[in-house]
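J.: One predicted model, sequence on top.
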Amino acid sequence: TGMFTFDPGFLATSACESKITFIDGDEGQLYYRGYPIEQLAKESDYLETCYLLIYGELPTRAQREEFEHTVMKHTMVHDQLTRFFNGFRRDAHPMAMMVGVTGALSAFYQDSLDINNAEHRKVAIYRLISKIPTIAAMCYRYTQGLPFNYPKNDLGYTANFLHMMFATPCEPYEPNPVLVRALDRIFTLHADHEQNASTSTVRLAGSSGANPFACIAAGIACLWGPSHGGANEAVLKMLDEIGSVDNVPAFMEGVKAKTHKLMGFGHRVYKNMDPRAAIMRETCYEVLKELGLENDPKLKLAMALEKIALEDSYFIERKLYPNVDFYSGIVLTALGIPVSMFTVIFALARTVGWISHWNEMISDPGMKIGRPRQLYTGSPRRDYVPSGDR
Ligand code: CMC
């Protein structure tokens, strides 16, 4: 039409203003509220990072305590919500359950659905951050035919998640601090990433005034795809398919012939090393060392792929570097988390990013419903033909 810019895939369009996260793709830098991700991953922790993303400032010690107390207070889900699970097949993908059950939160927490009421919004934010790990662990337990574990709030956010995943009545979960720290770091690294596909989905859904639980369910649906949050799962599947280091050259030929992608490589914004990948790589070594898995064949295979790709002109010319998901899957596997749960873990961690963006948007008095235009390429005007005459 000439009136609108044609930009499929939003390669050149800023859809909003935001104060939350900044990515310098050429330099390979990521900042949450101005703080470099390296500092937050190493010196802060996930809950403090959540506070920072939501409120814009790091908490004082008292604010941190109150925040943690409130988040942990909300970890239980309504007992009737647990009955939802019985309706699912045991072999359902955990993400299929996540989308449904998270959306269903709006049917239970009706006292936090008024998006124009700041107190409602605050409670909805707490509820989401608190209950998503509980729901995520329930998805896992259900697929395993195991009873659900109640949250154990004195363990702290991340250790409590591992407890809900793995504790049994005969064997309480004993948190290993190295492993808890590694998972907490995975959460921190995935907490936000500005206007990625799922966050944009949450914003678009929220722009119509939909309630926050429904918006987060929309984000989870978008995250599920293999080009986005499904990539860490795809990386492990790819490593399984390649099988051994001997098969790497043939696999790489296929990548260059574009029969398949090297999953865990490339990024829309980073045209340099993904800073999250560098931290995840370090964490990966720490975890495997702690567990005595340094000679793990999957890790060796991943390292061989990484080395070859980084030296190959196909990848150099296209500025394709490993992204965070290249390593996170190896860490999650070492923690005993099955591949089908990887994207769920990503969703858990990203919930705070989604809800921070949603809150930023809703709090803006100038908010407009998101309504992209199109370039129409269909038939010109024509007249209806009765079915007998076609
Ligand atoms: N393996 C092989 N070739 C690739 C890859 C890859 N992983 N990624 C991009 N390319 C090629 C692509 O074929 C294209 O080549 P050509 O110029 O010859 O046509 C060129 O590199 C540019 O790629 P693009 O598809 O135009 O880039 P994009 O910005 O549209 O896509 C991406 C970004 C992340 C979807 C893509 O790199 C990809 O599919 N990577 C694998 C999946 C993955 O690891 N995703 C996780 C992203 S990080 C976590 C998250 O934020 O969700």
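T.: Okay, I see it.
J.: tell me the pLDDT at the residue in the stretch 1-150 of the chain that the ligand sits nearest to?
T.: Nearest to the ligand, among the residues of the stretch 1-150 of the chain, is Gly9, at 6.4 Å (Cβ to the nearest ligand atom). In short, each C-beta sits where N, CA and C put it, glycine included. At Gly9, the model reports a pLDDT of 89.
J.: How much space separates it from Ser227?
T.: 11 Å (Cβ to Cβ, to the nearest Å).
J.: Repeat that for Lys271.
T.: Distance of Lys271 to Ser227, computed by Cβ to Cβ: 17 Å.
J.: who has more neighbours, the two?
T.: Lys271 (15 against 12; other Cβ atoms under 10 Å).
J.: Report the contact partners of the residue in the chain that the ligand sits nearest to.
T.: Closest to the ligand within the chain is Gly266: 2.4 Å, counting by Cβ to the nearest ligand atom. Gly266 is in contact with Arg318, Leu320, Tyr321, Asn323, counting by Cβ atoms under 8 Å, 6 or more residues apart in numbering.
J.: From those, list just the buried residues.
T.: Leu320, Tyr321, Asn323 (16 or more other Cβ atoms under 10 Å).
J.: Of those residues, which are in range of the ligand?
T.: Applying Cβ under 6 Å from any ligand atom to the buried ones among the contacts of Gly266, one finds that Leu320, Asn323 fall near the ligand.
J.: ok, so of the buried ones among the contacts of Gly266, who is nearest Ala15?
T.: Asn323 (22.1 Å; Cβ to Cβ).
J.: I'd say the closest one and Arg276 touch.
T.: Yes: counting by Cβ atoms under 8 Å, Asn323 does reach Arg276; the two are 7.5 Å apart.
J.: Give me the nearest residue to the residue nearest to the spatial centre of the chain, chain neighbours excluded.
T.: Centroid-nearest residue in the chain: Phe346, 2.9 Å away (criterion: Cα atoms, centre = their mean). With Cβ to Cβ, 6 or more residues apart in numbering as the criterion, Phe346 has its nearest non-adjacent residue at 4.3 Å, and that residue is Gly229.
J.: which residues touch that neighbour?
T.: By Cβ under 8 Å, 6+ apart, the contact set of Gly229 is Ser198, Leu223, Thr343, Phe346, Ala347, Arg350.
J.: can I get the residues you listed in JSON lines with pLDDT and distance to Asp26?
T.: Converted to JSON lines, those look like this (pLDDT from 0 to 100; distance: Cβ to Cβ, whole Å):
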{"residue": "Ser198", "pLDDT": "97", "distance to Asp26": "24"}
{"residue": "Leu223", "pLDDT": "96", "distance to Asp26": "26"}
{"residue": "Thr343", "pLDDT": "94", "distance to Asp26": "28"}
{"residue": "Phe346", "pLDDT": "96", "distance to Asp26": "25"}
{"residue": "Ala347", "pLDDT": "97", "distance to Asp26": "29"}
{"residue": "Arg350", "pLDDT": "98", "distance to Asp26": "24"}
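J.: Now narrow those residues to whatever sits close to the ligand.
T.: Taking Cβ under 6 Å from any ligand atom, there is no overlap between the contacts of Gly229 and the neighbourhood of the ligand.
J.: Mind checking which of those are in strands?
T.: If you go by DSSP state E, the contacts of Gly229 have nothing in strands.
J.: wait, isn't Phe346 in contact with Trp224?
T.: No: under the criterion of Cβ under 8 Å, Phe346 makes no contact with Trp224, lying 9.6 Å away.
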